[in-house]
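Novice: Got a sequence here, can you model it:
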Amino acid sequence: MITKSRLGKAKRSIQNEGPAVFTKKLVRYIPWAVGRTHVKYSKYLPKYLQANNGKYSSDYIYLTNPLFNITDKDLKLSKKVLQQPKPDKIQSATWFVPYFDHLSFGGIYTIFRFINYFAEKGVSNHIVIYDNPSVDAVAMKAEIERAFPHLATAKLVIYDPHKDKIKDLPATDIGICTFWVSAYFLLHFNQTKRKYYFIQDYEPLFYEGGSISALAESTYRFGFEGIVNTPGLLRAINQRHGLQGISFTPAVDARYYYSPKQKDNERLRVFFYARPNNPRNAFHLGVMIIKILLHKYGDKIEIVTAGSNWKEKKFELKGLVTNLGLLKDLQEVGDLYRSCDIGFVYMLSKHPSYQPFEFMSTGVATVTNNNEDNLWFLKDGTNCLISEPSPAAMAEKIGWLIEDKDLRRKIQKGGYDTVSSDWTKQLDIIWNDLTSG
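Specialist: Next up is the predicted model:
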């Protein structure tokens, strides 16, 4: 009966939604079905293969991927490439880029901003999507071209690990990985003259201390040169792992992030960057802060959240916050920020996140947690208020801005004066370093 029901659903999906949508659903269903079967027959398997609390061990899945089983020979072959002099002229580049749902946000947009700039400099770009062989290449290429017209001539490669081999990718002057997983691809990509690691956060902290974080941390010792998002992050990785490289400071896009002439909200709008599935953004601490603020200030404030989709009812906030979920584009993000008076965000890794930059450029008084790796940019009492991560401490600092209009305006002005909208300068810094003899 269950099988017949699922076959019926499959048939209706093909008829009503088309084969492309059905294929995507099937790709998502197969791992679930395999996992369910694994759980059912787990007791008959060796202990190290048995399901953990009814689930596959994510560590085990990663560790069994041949990509990560590198040898001393692999490291030596890659380092031999790294001993070559820089190419006199960069005419071609291979970028290993993870699959993305939305091009417009955060780190993925920054990656493509750099790829686009390389194209403007005459570089032939090969963009390798390495982790989703079922992706619609035509639709993805169209999305890229809409956002970055200079990439119309870029070559988009959808890599299938079951059919393709890294050694068969065409040779280019340089290779660039953009996430720790892609560093393993770049390690094996030796048909190049130079290898670079585009780093936008301390990615081992995306996971609890264990097998996966060890694999991520290992990539900083591969010998690649770093192109690092913020000087604080470069300093932290260099001090811990010896990685050498150059950093850039994020700018803001003035088309979307600019300050309104004034804010006239009858109820002060307090914004929280809410992402439950990203531990580094401390969602649960944010929920506690929201409850403290609502208890103390009630109808004097309006709490607005965005960043991802989540259920307010689950956290006893239904009807108490305006939850906008995942916004559709940068214009919507900029418009939202300009409508807010105060914004608070947690960042518990070694990058300050884009939110403080965007808050400041749109006239939002910023509150964030104390993080030594980000103090090169965040100046307590000047362009933001810095708090210990305790919900009570953070709520207290936000309360200062709610109650003290002069302080709020001072922080808003200090923040606005801090950020830059000159992305070209940052792009030039990286390009000049890569092309200097």
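
Novice: contacts, neighbours, all on C-alpha from now
Specialist: Noted.

Novice: any idea how far residue 347 is from residue 145?
Specialist: Going from residue 347 to residue 145 by CA to CA, to the nearest Å gives 32 Å.

Novice: out of these two, which sits in the more crowded spot?
Specialist: Comparing residue 347 with residue 145 by other CA atoms under 10 Å, the one with more neighbours is residue 347, at 22 against 16.

Novice: quick one, phi psi at the more buried one?
Specialist: phi -140, psi 110 (degrees, to the nearest 10).

Novice: List the residues that contact it.
Specialist: 280-282, 353, 368-369, 371 (CA atoms under 8 Å, 6 or more residues apart in numbering).

Novice: Assign residue 302 to helix, strand or coil.
Specialist: Of the three states, residue 302 takes strand under DSSP: H, G, I helix; E, B strand; the rest coil.

Novice: Can we start the residue count at 566 from this point?
Specialist: Got it, the first residue is 566 from now on, which makes the last one we talked about residue 867.

Novice: what ranges do the strands span in the stretch 866-1002 of the chain?
Specialist: Along the stretch 866-1002 of the chain, the segments classed as strands by DSSP state E, counting those that start in this stretch run 866-871, 887-888, 907-910, 930-934, 950-952.

Novice: My error: substitute the stretch 616-765 of the chain in the last question.
Specialist: Listed in chain order (using DSSP E, counting those that start in this stretch), the strands of the stretch 616-765 of the chain are 657-662, 689-694, 720-723, 737-742, 757-764.

Novice: Format the ones you listed as TSV; extra columns: mean neighbour count and mean pLDDT.
Specialist: TSV is the format used below for those (neighbours: other CA atoms under 10 Å; pLDDT from 0 to 100):
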stretch	mean neighbour count	mean pLDDT
strand 657-662	24	98
strand 689-694	22	98
strand 720-723	18	98
strand 737-742	23	98
strand 757-764	23	97
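
Novice: Just put those strands in JSON lines and tack on distance to residue 783.
Specialist: Conversion of the strands of the stretch 616-765 of the chain to JSON lines gives the following (distance: least, CA to CA, whole Å):
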{"stretch": "strand 657-662", "distance to residue 783": "18"}
{"stretch": "strand 689-694", "distance to residue 783": "22"}
{"stretch": "strand 720-723", "distance to residue 783": "26"}
{"stretch": "strand 737-742", "distance to residue 783": "14"}
{"stretch": "strand 757-764", "distance to residue 783": "13"}
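
Novice: Which pLDDT value goes with the residue nearest to residue 677 when sequence neighbours are not counted?
Specialist: Closest residue to residue 677 in three dimensions, ignoring its sequence neighbours and counting by CA to CA, 6 or more residues apart in numbering: residue 713, at 7.8 Å. pLDDT recorded at residue 713 is 96.

Novice: okay, now residue 713: neighbour count?
Specialist: A count of nearby residues for residue 713, using other CA under 10 Å, gives 16.

Novice: And for residue 695?
Specialist: Counted by other CA under 10 Å, the residues lying close to residue 695 total 20.

Novice: Look up how far residue 679 lies from it.
Specialist: 19 Å.

Novice: Only the C-alpha atoms, please, for stretch 891-902, written as PDB.
Specialist: Provided in PDB are the C-alpha atoms of stretch 891-902 (Å, rounded to 0.1, in the frame of the first residue of the first chain):
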ATOM      1  CA  LEU A 891      14.500  34.400   3.900                       C
ATOM      2  CA  LEU A 892      14.300  37.500   1.800                       C
ATOM      3  CA  LYS A 893      14.300  37.200  -2.000                       C
ATOM      4  CA  ASP A 894      16.900  39.800  -3.100                       C
ATOM      5  CA  LEU A 895      19.300  42.500  -1.900                       C
ATOM      6  CA  GLN A 896      16.900  45.300  -2.600                       C
ATOM      7  CA  GLU A 897      14.500  43.800  -0.100                       C
ATOM      8  CA  VAL A 898      17.300  43.400   2.400                       C
ATOM      9  CA  GLY A 899      18.300  47.000   2.000                       C
ATOM     10  CA  ASP A 900      14.800  48.300   2.300                       C
ATOM     11  CA  LEU A 901      14.200  46.200   5.500                       C
ATOM     12  CA  TYR A 902      17.400  47.500   7.200                       C
END
